[in-house]
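>>> All I have is the shape, not the residue letters:
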């Protein structure tokens, strides 16, 4: 009945295939679209009755539609509440923008980006502890469930879907520079950046002082702390300045609004380590800039 494109659906086949299956090589774990390979089922016909695509960043949409048109078309599973966050990185952008709710959507594939008629949608809450890795795992599970329900809906009879309604926003693929921390932003915005850019490109800063001056330092884990905890710091300091060192916990940095307690970092070309362990060799002290 159906064919699959993408690593999400490959984990759990939707229904027994009828005429053909579209295979995609997803062994690299890159979520990239590697190719189409229609396979006849022995009845002399080719092309799937129904095509499903999910979590594929670089799919040749025209080619998919051409194959899908041999049957009933192609629907896509997208990890956002469309029309919000159309594009390749909806999970990352939702976290970076501090969303508390996201979702999964199924929709008929069209040539324009993630714009086709909606079939089904389901909201998913974002935990304050979620990052791009954990949220993706949640959405994979919910996406498979939505895919099954969408198949049942289509099997029940003609299903044109409904036009997407609301403000359209986009979620383009992240680039390395998207991870650079702007310390003039609020502490909460920086935490959101750390969550949304994990594991790649990662949130990072170029250290200004100490033995690490001029080198990249990834901030892997951090939390917003109350300025009231630093009442002993009399003079105001500029964003990016180290406010205090915290034995066994890490170091705190002044942001545009609020203070960030950094607890886990990764040196350039190094391994993850606690921020306190990093401080032992970094010669980073209050008043210095990261």
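That came through fine. All figures in this text were calculated on a predicted structure; none of them were measured in a lab. Residues are numbered from 1 along each chain as shown.
>>> ok, now which ones touch residue 285?
With contact set as Cβ atoms under 8 Å, 6 or more residues apart in numbering, residue 285 has these partners: 210, 242, 245. Any C-beta I mention is one placed from the backbone N, CA and C, and that applies to glycine too.
>>> tell me the SS of it?
Judged by DSSP: H, G, I helix; E, B strand; the rest coil, the three-state class of residue 285 is coil.
>>> For residue 256, see how far away it is.
Distance, residue 285 to residue 256, by Cβ to Cβ, to the nearest Å: 22 Å.
>>> Sketch out the low-pLDDT regions of the stretch 101-250 of the chain for me.
Along the stretch 101-250 of the chain, the model assigns pLDDT under 70 to residues 229-235.
>>> hey, where'd the helices end up in it?
Ranges of helices within the stretch 101-250 of the chain are 132-155, 187-196, based on DSSP state H, counting those that start in this stretch.
>>> so of those, which one's packed in deepest?
Ranked by mean neighbour count, the helices of the stretch 101-250 of the chain are led by helix 187-196 with a mean of 23 (mean count of other Cβ atoms under 10 Å).
>>> which other helices and strands contact that helix?
Here helix 187-196 touches helix 90-96, strand 216-225, strand 259-267, going by 3 or more Cβ pairs under 8 Å, 6 or more residues apart in numbering; DSSP states H and E.
>>> In its sheet, which strands sit next to the longest one, and in what direction?
Looking back up the chat, that one is strand 216-225. Note on strand 216-225: by DSSP bridges, its sheet partners are strand 204-206 (antiparallel), strand 259-267 (antiparallel).
>>> mind putting those strands in TSV, distance to residue 85 included?
Below are the strands paired with strand 216-225 laid out as TSV (distance: least, Cβ to Cβ, whole Å):
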stretch	distance to residue 85
strand 204-206	24
strand 259-267	26
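>>> can you redo these as CSV with distance to residue 274 and mean neighbour count?
Formatted as CSV, the strands paired with strand 216-225 follow (distance: least, Cβ to Cβ, whole Å; neighbours: other Cβ atoms under 10 Å):
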stretch, distance to residue 274, mean neighbour count
strand 204-206, 17, 21
strand 259-267, 6, 21
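>>> ok so, going back, output the helices and strands packed on helix 187-196 in TSV, with distance to residue 108 appended to each entry.
What follows is the helices and strands packed on helix 187-196, written out as TSV (distance: least, Cβ to Cβ, whole Å):
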stretch	distance to residue 108
helix 90-96	18
strand 216-225	40
strand 259-267	42
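>>> Could you point out which of the ones you listed sits nearest residue 236?
Closest of the helices and strands packed on helix 187-196 to residue 236 is strand 259-267, at 11.9 Å (criterion: Cβ to Cβ).
>>> Report the distance from the following helix or strand past the closest one to the chain centre.
Using DSSP states H and E, the helix or strand that directly follows strand 259-267 along the chain is strand 272-274. Here strand 272-274 is found 23 Å from its chain centre; the criterion is Cα atoms, centre = their mean, to the nearest Å.
>>> elements contacting strand 272-274?
Of the remaining helices and strands, those touching strand 272-274 by 3+ Cβ pairs under 8 Å, 6+ apart are strand 259-267.
>>> residues in contact with the strand it packs on?
Residues outside strand 259-267 that contact it (Cβ under 8 Å, 6+ apart) are 187, 190-191, 202, 212, 215, 217-227, 229-230, 243, 246, 249-253, 272-275, 278.
>>> isn't residue 190 right up against residue 184?
No. Using Cβ atoms under 8 Å, residue 190 is not in contact with residue 184, being 10.0 Å away.
>>> okay, and the common contacts of those two?
Common contacts of residue 190 and residue 184 (Cβ under 8 Å, 6+ apart): residue 255.
>>> list the contacts for residue 120?
105-106, 146, 149-150, 153.
>>> Then residue 83?
Residues counted as contacts of residue 83 (Cβ under 8 Å, 6+ apart) are 114-115, 164-169.
>>> and those residues as JSON lines, adding distance to residue 175 and neighbour count?
Below are the contacts of residue 83 laid out as JSON lines (distance: Cβ to Cβ, whole Å; neighbours: other Cβ atoms under 10 Å):
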{"residue": "114", "distance to residue 175": "20", "neighbour count": "22"}
{"residue": "115", "distance to residue 175": "24", "neighbour count": "16"}
{"residue": "164", "distance to residue 175": "27", "neighbour count": "19"}
{"residue": "165", "distance to residue 175": "31", "neighbour count": "9"}
{"residue": "166", "distance to residue 175": "27", "neighbour count": "9"}
{"residue": "167", "distance to residue 175": "24", "neighbour count": "6"}
{"residue": "168", "distance to residue 175": "22", "neighbour count": "14"}
{"residue": "169", "distance to residue 175": "18", "neighbour count": "16"}
